[in-house]
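**Student:** Output the structure for:
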Amino acid sequence: MTKKYTIGKYDSVFIRCPHCSNSNEFRSKSGECEMNNYTLNDCPNYVLIDINRDGECECNCGVNYKIDTKERKIIITKFPSKEISVEDIISFLSRSETIAEWKGRMSVIENFDSNIYQKIKDNERDIINMIINKKTINVLALFV
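**Tutor:** Numbering: from 1, shown residues only. Predicted coordinates:
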């Protein structure tokens, strides 16, 4: 039996920007192309094969990112032109809603600034507790 392909069909994978949390669409032409919608967590491997085919995503906030298909993680390739402060990084981490999201955001920070990443890793448990208790000022004191 011959498989029929229809021009213009694809599957979409919606992935939140690791900086601003906007949902952005990545299109894939691998797989059955039935106009299905996925997230990075529920996307079949055969759809991920082709997810970066249009290049990296250019989010409206100024961040560019692509997907590491083997690890299923976001790789930031360009940060906004403004300098990122420790306050921005703590705010970025505090938007994590799950442990998996925290780990994903930590890998983004590791790729961005290994010194800040190590300082967070050294104090991770305390930082998580301070963020939960909304004691951001105490978190920032760790970086002074």
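**Student:** for the lengthiest helix in the chain, packing partners?
**Tutor:** Determined from DSSP state H, the single longest helix within the chain is helix 99-112. Counting by 3 or more Cβ pairs under 8 Å, 6 or more residues apart in numbering; DSSP states H and E, the packing neighbours recorded for helix 99-112 are strand 73-78, helix 86-94, helix 114-122. Using the backbone N, CA and C atoms, a C-beta is placed for each residue, glycine as well.
**Student:** give me that answer again for 10 Å
**Tutor:** Packing partners of helix 99-112 (3 or more Cβ pairs under 10 Å, 6 or more residues apart in numbering; DSSP states H and E): strand 73-78, helix 86-94, helix 114-122, helix 124-132.
**Student:** Can you mark which positions in the last one are buried?
**Tutor:** The reference is to helix 124-132. I127, I128, M130, I131 (16 or more other Cβ atoms under 10 Å).
**Student:** now the shortest one
**Tutor:** By neighbour count with 16+ other Cβ under 10 Å, strand 73-78 contains the buried residues K73, I74, I75, I76.
**Student:** in this structure, what secondary structure element scores lowest on mean pLDDT?
**Tutor:** Ranking every helix and strand in the chain by mean pLDDT, DSSP states H and E puts helix 136-141 at the bottom, with a mean of 66.
**Student:** Appreciated, that's everything.
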